[in-house]
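Participant: here you go, sequence then predicted model.
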Amino acid sequence: MGGMIMAVPVLLPLAGGAGMLALHFQSEEKRDDRLLEFLTEGLVFVNSLVIFWLLKNRMGASLVLFRLFGNLTVRFKLDPMGGIFAGLIAFLWPLAVLYSFEYMKHENRKRMFFAYYVMTYGVTAGIALAGNLVTMYLCYEMLTLVTFPLVLFPMTKEAKRASRRYLYYSIGGAAFAFIGLVFVLSYSVTGNTEFIPGGILIPEAANAHRNLLLFVYVLAFFGFGVKAALFPLHGWLPKAAVAPTPVTALLHAVAVVKSGAFAILRFTYFSYGAWFLQGTWAQWAVMTGALLTIGYGSTMAVREIHWKRRLAYSTISNLSYILFGAALMSPLGLAAALCHLVIHAFMKICSFFCAGSVMHQTGKTQVYELDGLGRKLPVVFGCFTIASLSLMGIPLFGGFISKWNLAEAAFSCGSSTGAWLPYAGVGVILYSALMTGIYMLSVAVRAYFPVLAAGAGAKQETDSKKTTQEEYRDPGWMMLVPLVIFAAVILLLGIRPGPLMELLTGIGGEAG
């Protein structure tokens, strides 16, 4: 029975969310909102405590929950790489729930919202703790089902279109990923799909059908890449910005897009094995896709004037930093990819929550409407500025560490393979950093230093804005506490990255 605790982080949120759905159909009264909040935060907090306890006491433990057929099992295992992702979601989720209480205060159907919000935690934990490719794939499919109602939540025409698009893209991507699962099982040295550092392909059989397996790898890379918003399969992500900010923040920071990137890292280093992919046309194909996405996403973000959609394009660009690290097929590449996976989560959830706070307090959604709001919402825009500088890769902020490691891994890959594409990747990262400075700092500059237009008409408009903005202020503590914590973590990771990088380098060395 002691081993069953491995399944608690997955099953507890699923059972709790299902119970909340049942309560939803029994009562729609608002007087029990406090009970709903207590139940939601309690479930999430307890689940996070269980994950942290597992990380401290049960590293390496595994559990076969049940057998499908033959050697195929639903299996959970806690290894260092899964522990990184599990620890990340365990830290972020309770704070995201706290933020959402104030954001969703005046919304209807809150029981349904929080039920699926909690269940998404359980499914994401299942991806982190998956001990084999079958388990990860099943949880990957379930993630689509539990997040679909969250995208649909506003029930507007735009939300309905966005949720359908999200569903179609996700189902199509999962089909390509399933092909990869079948071929890994067919060529597995273990007879199952267990995750093993260095991969599980039978060398003789894999080399005999090398081009076929490389083609399947590219299909699976782009299949899992749908949730990671890989170009040209990214179209669902900007549209999903219609969902409430607590949803889009988790979609962009940890739950959906990070699950796609994490699945690619698992599939590359623990199923196929970097040894099989290094120097092949498949490596250059997926690397090209990642670099195109980095450039495309950052360019589109500069053009976008809707604040949340601008951040969505930023996510498209930044997620492919992780995929670029995966495509480097080296221990340092894996460590750099995991580093950006962790740091980007804090940068992006902080950015989205800042945008959501401004929208909640002022109703403003467009970048050009933010003039002068920095003085009215100083804590929100202070945290946003920290996240912006980090996303740019400024030294002493977390984003600099991950980009530096990616560049170092790219130079190492280029020198070992003699290929020019990894060097080009460094140039693309520099271009993206420039674009990031434009699309992120332009928001901060508008907020702190509003543009002074000439002419009486412009002055009258400015005076009108000042009168209106006198009513604006920072949100309550439920929103501010998560923002301040995220900003502090960004600074801490930038100033003292050593412990994190030591851990990630060990994971990369083992799997690469």
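Facilitator: Here it is on my side, so go on.
Participant: other SSEs contacting the lengthiest strand in the chain?
Facilitator: In the chain, assigned by DSSP state E, the strand with the most residues is strand 62-69. Here strand 62-69 touches strand 72-77, going by 3 or more Cβ pairs under 8 Å, 6 or more residues apart in numbering; DSSP states H and E. Placement of C-beta: from N, CA and C, glycine included.
Participant: from the contact counts, what lies against the strand it packs on?
Facilitator: Here strand 72-77 touches strand 62-69, helix 110-129, helix 133-152, going by 3+ Cβ pairs under 8 Å, 6+ apart.
Participant: can I get these in a markdown table with distance to residue 164?
Facilitator: Formatted as a markdown table, these follow (distance: least, Cβ to Cβ, whole Å):
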| stretch | distance to residue 164 |
| --- | --- |
| strand 62-69 | 30 |
| helix 110-129 | 17 |
| helix 133-152 | 9 |
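Participant: what residues sit buried inside the longest strand of the chain?
Facilitator: For strand 62-69, the neighbour count (16 or more other Cβ atoms under 10 Å) marks 62, 63, 65 as buried.
Participant: got the CA positions of it in CSV?
Facilitator: Coordinates of each C-alpha in strand 62-69 appear next as CSV, following Å, rounded to 0.1, in the frame of the first residue of the first chain:
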residue,chain,number,x,y,z
SER,A,62,7.7,3.4,-9.1
LEU,A,63,4.2,2.0,-9.1
VAL,A,64,2.3,-0.1,-11.7
LEU,A,65,-1.3,1.2,-11.3
PHE,A,66,-2.8,-1.4,-13.6
ARG,A,67,-1.9,-3.5,-16.6
LEU,A,68,-3.5,-2.8,-20.0
PHE,A,69,-2.4,-6.0,-21.8
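Participant: show me the contacts for the closest residue to residue 280 other than its chain neighbours.
Facilitator: Of all residues not flanking residue 280 in the chain, residue 214 sits nearest, at 5.6 Å (Cβ to Cβ, 6 or more residues apart in numbering). Residue 214 is in contact with 277, 280, 281, 282, counting by Cβ atoms under 8 Å, 6 or more residues apart in numbering.
Participant: cool, and residue 318?
Facilitator: 294, 297, 340, 344, 347, 348, 391.
Participant: quick one: it from residue 253, how far?
Facilitator: 10 Å (Cβ to Cβ, to the nearest Å).
Participant: do residue 7 as well
Facilitator: Residue 7 is 25 Å from residue 253, by Cβ to Cβ.
Participant: now do residue 420
Facilitator: Applying Cβ to Cβ to residue 420 and residue 253 gives a distance of 33 Å.
Participant: rewinding a little: please work out which of the helices and strands packed on strand 72-77 is packed deepest.
Facilitator: helix 110-129 (a mean of 26; mean count of other Cβ atoms under 10 Å).
Participant: for the protein, which spans come out with low pLDDT?
Facilitator: The chain contains residues with pLDDT under 70 at 1-2, 24-32, 252, 451-470, 511-512.
Participant: next structured bit after the lengthiest helix in it?
Facilitator: Assignment by DSSP state H gives helix 331-362 as the longest helix of the chain. Per DSSP states H and E, the first helix or strand lying C-terminal to helix 331-362 is helix 378-392.
Participant: just checking, what packs against that following helix?
Facilitator: Packing partners of helix 378-392 (3+ Cβ pairs under 8 Å, 6+ apart): helix 331-362, helix 398-417, helix 421-448, helix 477-495.
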